[in-house]
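Visitor: Sequence and computational prediction follow.
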Amino acid sequence: MDLIQDIISRAKANPQHIVFPEGTEERTLKAADRLLAEGVVRLTLIGDPSAIRSHAQELGLHNIDKANLLDPKNHEKKQAYIDLLLDLRRKKGLTEEQAAVLVEDPLYLGCLMIKAGDADGELAGAINATGDVLRPALQIVKTTPGISCVSGIFMMFLPNNTYGENGLLLFADCAVMPNPTAEELAQIAVSSAESARAIANIEPRIAMLSFSTKGSAKHELVDKVVEATRIAKEMAPELQLDGELQLDAALVSKVASLKAPGSPVAGKANVLIFPTLEAGNIGYKLVQRLAGAEAVGPVLQGMAAPVNDLSRGASVDDIYKMAAITANQSIALKAKKG
């Protein structure tokens with residue numbers, strides 16, 4: 001778990017402006033207080049400022065006034081955000097009256113702040129469903145150029161260093177796309193490579209997983225992974241990426257030497273791309289429960305700016321870590337843009 005400390009240190013060295021739309025929620029406030037006390041990020045908390053201050057006082061929090069407290073119903077940039085939303089959504093039939101209502105929704109307001117350049121990223125979901133978090137993000141922030149699908153990646157910290165990058169494996173997609181096409185699966189692989197660099201600061205070695213290794217089985221599900229591998233290599237030819245690989249061929253060098261000799265990835269993969277959400281979700285939970293791995297995520301990837309969705313069961317520590325991760329995503333995106 002030294003990686004988490006590295007992530008926090010990188011965030012502190014280049015503090016990003018993260019918006020918390022659920023600014024009055026207790027766990028969010030406690031995490032915000034810690035983040036502000038330690039200088040991990042700059043923060044905007046959306047909500048009635050008097051309610052935020054009152055709740056913070058009740059909780060014994062002393063750093064909340066270091067944040068920007070934004071009243072969604074009354075602030076100086078409200079009309080500018082209405083105009084921005086109209087520019088983005090008028091062709092979809094949005095009226096000025098509808099825009100005026102939506103800009104008072106904290107989840108829309110947070111995304112409009114990002115789009116306007118007033119914030120670098122967003123973290124929400126402690127009290128909102130994933131669909132409610134993603135809807136305004138997709139409408140306003142949108143996906144990164146060349147990527148049409150959003151996916152979710154987990155960092156899996158294993159109790160020993162046998163596999164992956166000193167015991168770290170990244171699993172995708174475990175959160176968003178139920179049955180990605182070959183094109184979408186390729187995009188997930190490329191997005192996951194970006195996440196490996198941005199969050200874990202590692203060079204990705206990506207295995208496109210299947211129940212077949214290099215043609216050992218014939219099936220349309222295998223064909224999808226083969227095609228996804230081809231497309232991903234075209235999208236990012238510089239990546240160390242291979243498929244289709246069974247899990248043991250991806251991770252175990254002895255198996256790799258038998259099933260996929262000469263593969264640049266087999267036996268030493270650190271990023272695993274699952275063929276469906278079903279496989280990915282089951283896979284990460286199996287490793288979490290049976291191997292005792294710590295699962296951090298899901299971190300959303302494929303967005304033009306970082307927007308992350310919390311589990312509604314997220315702890316204060318989860319929110320703290322995810323804010324630092326969101327900051328690292330923003331740092332990496334800015335570096336890529338130059």
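Guide: Now that the structure is in, tell me what you want to look at. Everything numeric in this text was worked out from a predicted model, so none of it was measured. Numbering: from 1, shown residues only.
Visitor: secondary structure element for the residue located most distally from the centre of the chain?
Guide: Among the C-alpha atoms of the chain, the one most distant from their mean position (C-alpha atoms, centre = their mean) is that of Leu258, at 35.1 Å. Per DSSP states H and E, Leu258 falls inside helix 253-259.
Visitor: Just after the helix or strand containing Ile206, pick out the following helix or strand.
Guide: Using DSSP H and E, the element containing Ile206 is strand 205-209. From strand 205-209 onward toward the C-terminus, using DSSP H and E, the following helix or strand is helix 220-235.
Visitor: Show me what that next one is packed against.
Guide: If you count contacts as 3 or more C-beta pairs under 8 Å, 6 or more residues apart in numbering; DSSP states H and E, helix 220-235 packs onto helix 182-195, strand 205-209, strand 240-245. All C-beta spots, glycine's among them, are computed from the backbone N, C-alpha and C.
Visitor: returning to that earlier point: what lines up beside the strand holding Ile206 in the sheet?
Guide: Sheet partners assigned to strand 205-209 using DSSP bridges are listed as strand 240-245 (parallel), strand 271-273 (parallel).
Visitor: now the helix or strand that the first one is followed by: mean pLDDT?
Guide: Right, strand 240-245. Per DSSP H and E, the first helix or strand lying C-terminal to strand 240-245 is helix 247-251. Helix 247-251 comes out with an average pLDDT of 98.
Visitor: buried stuff in helix 247-251?
Guide: Buried residues in helix 247-251, counted by 16 or more other C-beta atoms under 10 Å: 247, 249-251.
Visitor: Check which helix or strand Ile18 maps to.
Guide: With DSSP H and E as the criterion, Ile18 is inside strand 17-20.
Visitor: Pro275 and Ser257: what is the separation?
Guide: 24 Å (C-beta to C-beta, to the nearest Å).
Visitor: neighbour-wise, which of those two wins?
Guide: Pro275 (23 against 14; other C-beta atoms under 10 Å).
Visitor: Just say helix, strand or coil for the more buried one.
Guide: coil (DSSP: H, G, I helix; E, B strand; the rest coil).
Visitor: tell me the contacts of the closest residue to it other than its chain neighbours?
Guide: Nearest non-adjacent residue to Pro275, counting by C-beta to C-beta, 6 or more residues apart in numbering: Val225, 5.5 Å away. Val225 is in contact with 182, 185, 208-210, 212, 243-244, 275, counting by C-beta atoms under 8 Å, 6 or more residues apart in numbering.
Visitor: Can you give the contact residues for the helix or strand following the strand holding Ile18?
Guide: Reading on from strand 17-20 to the C-terminus, the next helix or strand found by DSSP H and E is helix 26-38. Helix 26-38 is contacted from outside by 8, 12, 20, 22-23, 41, 43, 45, 52, 55-56, 59, 61-64, 66-67, 126, 314-317, 319-320, 323-324, using C-beta under 8 Å, 6+ apart.
Visitor: my guess is Glu184 contacts Met177, does it?
Guide: Yes - Glu184 is in contact with Met177 according to C-beta atoms under 8 Å; the separation is 6.0 Å.
Visitor: overlap in contacts of these two?
Guide: Joint contacts of Glu184 and Met177 (C-beta under 8 Å, 6+ apart) are Cys149.
Visitor: State the distance from Asp248 to Met235.
Guide: 27 Å.
Visitor: where are the low-confidence patches of the protein?
Guide: Applying pLDDT under 70 to the chain flags the ranges 1.
Visitor: swap the cut-off to 90 and go again
Guide: 1-3, 130, 160-161, 297, 311-313, 336-338 (pLDDT under 90).
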